[in-house]
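[1] Any chance you can model this:
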Amino acid sequence: MRLRLSLLLVALAAFLPLLRAEPLNVGDAAPKLTATTEQGAQLNLGDVYSKGYTLVYFYPKAFTGGCTSQGCSLRDAYEVLTKRGVTVIGVSTDDVDTQRAFKEKNHFPFTLIADTDKKVMRAFGQSGIYSASRQAFLVDQSGKIVWRDLQGHTKDQADQVLAALDKLGGK
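    Okay, here's the model as predicted:
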């Protein structure tokens, strides 16, 4: 009985930090790690940050209503965002094939990350056990988070990012 209780406590201790994870704050350094894209290629986020603004947005599951609306908002404003120096990267725990199909079906011009091991989620302070929480982080060229959206915007995600850029004085 004691052994079972000890094992349960060890398992619980390992699990609790996931429940208490806090999203990164404005001013924090954005995680510089490598992740797998919808094409199965490796993408170094630190390299992307150095090119200008990077929007890393998280969504729970491809092909669901809110996630599709969020992605389509960014797709529809993609030209404006890129003219303002923003690289868009979407992240969910969906696998490579699902991410590729989601991107193709919705004609997303930006990269999607297949975060099946949840390392990107955890690095950004996400506590989801099964899927990502809908959040977005804008990272500047220095690799610092300059804006975040923890409200889970969907169809107006691009408007939120553009308003943030206006406040930041970005192009």
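[2] could you list every residue that touches E38?
    Neighbouring residues of E38 by Cβ atoms under 8 Å, 6 or more residues apart in numbering: V96, Q99, R100, F102, K103, T111, L112, I113, A114. Where you see a C-beta, it was placed from the backbone N, CA and C, and this is true even at glycine.
[3] nearest residue to it other than its sequence neighbours?
    Spatial nearest neighbour of E38, excluding adjacent residues (Cβ to Cβ, 6 or more residues apart in numbering): Q99 at 3.7 Å.
[4] now swap in M121 and tell me
    A132 (5.2 Å).
[5] what does V91 give?
    Going by Cβ to Cβ, 6+ apart, V91 has I113 as its nearest residue, at 4.3 Å.
[6] Over to F63?
    F63 sits nearest to F102 (Cβ to Cβ, 6+ apart), 5.9 Å away.
[7] circling back to that earlier point, correct me if wrong: the residue nearest to V91 contacts T98.
    No. I113 lies out of contact with T98 (Cβ atoms under 8 Å); the separation is 11.9 Å.
[8] So between these two, which is more surrounded?
    More crowded of I113 and T98, by other Cβ atoms under 10 Å: I113, with 25 against 18.
[9] From the contact counts, what lies against the helix or strand where that one lies?
    Assigned by DSSP states H and E, I113 belongs to strand 111-114. Where contact means 3 or more Cβ pairs under 8 Å, 6 or more residues apart in numbering; DSSP states H and E, strand 111-114 is packed against strand 34-36, strand 86-92, helix 96-106.
[10] What is the least confident helix or strand in the protein?
    In the chain, no helix or strand scores lower on mean pLDDT, DSSP states H and E than helix 2-19, which sits at a mean of 49.
[11] Tell me how many other residues crowd the nearest residue to P31 once chain neighbours are set aside.
    Spatial nearest neighbour of P31, chain neighbours left out: A123 (3.5 Å); criterion: Cβ to Cβ, 6+ apart. Neighbours of A123 under the rule other Cβ under 10 Å: 17.
[12] Okay, now the unreliable bits of this structure?
    The model of the chain has pLDDT under 70 over residues 1-21, 170-171.
[13] hmm, try it at 80
    For the chain, the stretches flagged by pLDDT under 80 are 1-21, 127-130, 152, 170-171.
[14] still on that earlier bit, can you tell me which residues contact the residue nearest to E38?
    Q99 neighbours (Cβ under 8 Å, 6+ apart): T37, E38, A62, S92, L112, I113, A114.
[15] cool, G46 as well?
    Listed by Cβ under 8 Å, 6+ apart, the contact set of G46 reads K32, L33, G143.
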